[in-house]
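>>> need a structure here:
(one chain, ligands or ions: 1)
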Amino acid sequence: MRVVSGIQPTGNPHLGNYLGAIRNYVKMEGDAIAAGGENLIFIADLHAISMPHKPADLRASTLELVAMLVAAGLDTNRTILFNQAQVAAHAELQWLLNGTARMGWLNRMTQFKDKSGKNREGASIALFTYPVLQAADVLLYQATHVPVGEDQKQHLELARDIAQKFNNDFASEDAPVFTLPEPIIPPEAARIMSLRDGGAKMSKSDPSEMSRIELRDDADTIMKKIKKAKTDPEPLPSEAAGLEGRPEALNLVTIYAALAETSTDAVLSQFGGQGFGTFKPALGELMVEVLAPITARFRELREDRQSLDAILASGAARAREIGRPTLDAAYEALGLVR
Ligand code: TRP
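A predicted model of the protein is given here:
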């Protein structure tokens, strides 16, 4: 079992990122290792240049994400953590796979259609071939399992199609060059919404900082934001069904349940009948308790460029080693003389 997954660097991680995604990577590390497998996680910084971006922001958010993953508990002795840009084989293999991927396949990718929008002529070539790089990311390491969100399933299927066609066209049946990876879709992660609007996702681009808990917030800031969070005047119901039509109440209960790693029903059996005057301080305290060790480590590590560089350098060295035989085999299979 070899688990490989990439994460897009987004700056300024918040509670929604932590509960929705980052915590999951730490759990998956445990699962992969328990199954006797290997776990590779990389920052998809090469993918990030497919959209307009500011170089200084990309650099900062790459480093921040590394700090966040480690602060959240990823163990770099067990997980190979690196960024694509330091492992040239990702870009090399993408080029080799560009010979196999078909225009027709890429034309069907919904992410390209969404991200290019009305201005398809102005979209970058990188945005179009993004899924081929993603295929290279996993095929390079002979990944058996790839944890991805529902929205990335189509890209995984494309990776399988590319692997299959390459094997058919250029390898003998008993010695395929690539392993066909299986997607793992993690159980529906908690959807964390804005503290100011229960109908909008918690987002780093919301102009109001009060709408989100940032992982750099200190305890006082967290308490203040929770106390100011939008709610309604009703007390909490004693069952989840009673939260229907009350998006802000639902959101706070969802956050509580996610932090306590329990169900909303369990939270409501404890707090049902009580008002937000009681619930909010309890939520704030729980949040501070769960996040404090993570945010403290995060703040320390994000300032420690030397440690971050060392983590990435050692991850990249191990990744290069694991990927080398497959890259060599792909060059060889294509008849490229080296
Ligand atoms: N495209 C993925 C996303 O947006 C990130 C990603 C890049 C990835 N390469 C990958 C995920 C390889 C899994 C495997 O979430």
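>>> CA atoms for contacts and neighbours, from now on please.
Fine.
>>> The lowest-mean-pLDDT helix or strand in the chain: which residues count as buried?
Of all helical and strand segments in the chain, the minimum by mean pLDDT, DSSP states H and E falls on helix 23-34, at a mean of 87. Neighbour-count burial for helix 23-34 flags 23-26, 28-30, 32-33 (criterion: 16 or more other CA atoms under 10 Å).
>>> gap between stretch 304-314 and the chain center?
Centroid displacement of stretch 304-314 relative to its chain, using CA atoms, centre = their mean, to the nearest Å, is 20 Å.
>>> What separation do you get for residue 133 and residue 219?
Remark: distance between residue 133 and residue 219 (CA to CA, to the nearest Å) = 41 Å.
>>> The two: which is more packed in?
residue 133 (24 against 17; other CA atoms under 10 Å).
>>> before we move on, the earlier item: whether the least confident helix or strand of the chain contacts the ligand - can you check?
No - using CA under 6 Å from any ligand atom, helix 23-34 stays clear of the ligand, with a minimum separation of 11.5 Å.
>>> how about the residues of this structure near the ligand?
When proximity is defined as CA under 6 Å from any ligand atom, the chain approaches the ligand at 5-8, 44, 134, 137-138, 146, 148.
>>> and if we set it to 5 Å?
5-7, 134 (CA under 5 Å from any ligand atom).
>>> Columns neighbour count, secondary structure and pLDDT on top of these, output as CSV?
Below are the residues of the chain next to the ligand laid out as CSV (neighbours: other CA atoms under 10 Å; DSSP: H, G, I helix; E, B strand; the rest coil; pLDDT from 0 to 100):
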residue, neighbour count, secondary structure, pLDDT
5, 20, strand, 95
6, 22, strand, 96
7, 18, strand, 94
134, 22, helix, 98
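>>> Contacts made by stretch 287-295 with the rest, please.
With CA atoms under 8 Å, 6 or more residues apart in numbering as the contact definition, stretch 287-295 has outside contacts at 71-72, 215-219, 222-223, 256, 259.
>>> Would you write a ChimeraX line that selects the buried entries of the residues you listed?
Typed into ChimeraX, the line below selects the buried ones among the contacts of stretch 287-295, using 16+ other CA under 10 Å:
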select :71,72,215,216,217,219,222,223,256,259
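>>> Just the ones in helices from the contacts of stretch 287-295, please.
The helices, defined by DSSP state H, take in 71, 219, 222-223, 256, 259 from the contacts of stretch 287-295.
>>> Quickly name whichever of the residues you listed is closest to the ligand.
Taking CA to the nearest ligand atom as the measure, residue 71 is the one of these closest to the ligand, at 20.3 Å.
>>> The closest one touches residue 298, doesn't it?
Yes - when contacts are counted by CA atoms under 8 Å, residue 71 is listed as touching residue 298 (5.1 Å).
>>> Kindly list the main-chain dihedrals of the residue lying closest to residue 183 once chain neighbours are set aside?
Excluding the flanking residues, the one nearest residue 183 by CA to CA, 6 or more residues apart in numbering is residue 146, at 4.7 Å. The phi/psi pair for residue 146 (degrees, to the nearest 10) reads phi -130, psi 110.
>>> what's the burial count for residue 146?
Counted with other CA under 10 Å, residues neighbouring residue 146 total 21.
>>> what's the answer for the one 5 residues further on, then?
Residue 151 is flanked by 11 other residues according to other CA under 10 Å.
>>> ditto for residue 98
Counted by other CA under 10 Å, the residues lying close to residue 98 total 15.
>>> cool, and residue 47?
21.
>>> Show the contacting residues for it.
Residues near residue 47 by CA under 8 Å, 6+ apart: 8, 126, 130, 133.
>>> where's the third one, which helix or strand?
Take DSSP states H and E as the rule and residue 130 turns out to sit in helix 125-139.
>>> What residues of that helix count as buried?
126-139.
>>> ok, now stretch 46-58?
Within stretch 46-58, the residues scored as buried using 16+ other CA under 10 Å are 46-50, 58.
>>> same check, this time on stretch 108-118
For stretch 108-118, the neighbour count (16+ other CA under 10 Å) marks 109, 111-113, 116 as buried.
>>> what mean pLDDT would you report for that stretch?
For stretch 108-118, mean pLDDT rounds to 95.
>>> Just give me how far that stretch sits from the chain centre.
Mean-position distance between stretch 108-118 and its chain equals 20 Å (CA atoms, centre = their mean).
>>> contacting residues around that stretch?
Defining contact as CA under 8 Å, 6+ apart, one finds that stretch 108-118 is touched by 120, 122-123, 127-128, 154-155.
>>> ok, which pair from those residues is furthest apart?
Spatially, the most separated pair among those is 122 and 154, at 23.3 Å (CA to CA).
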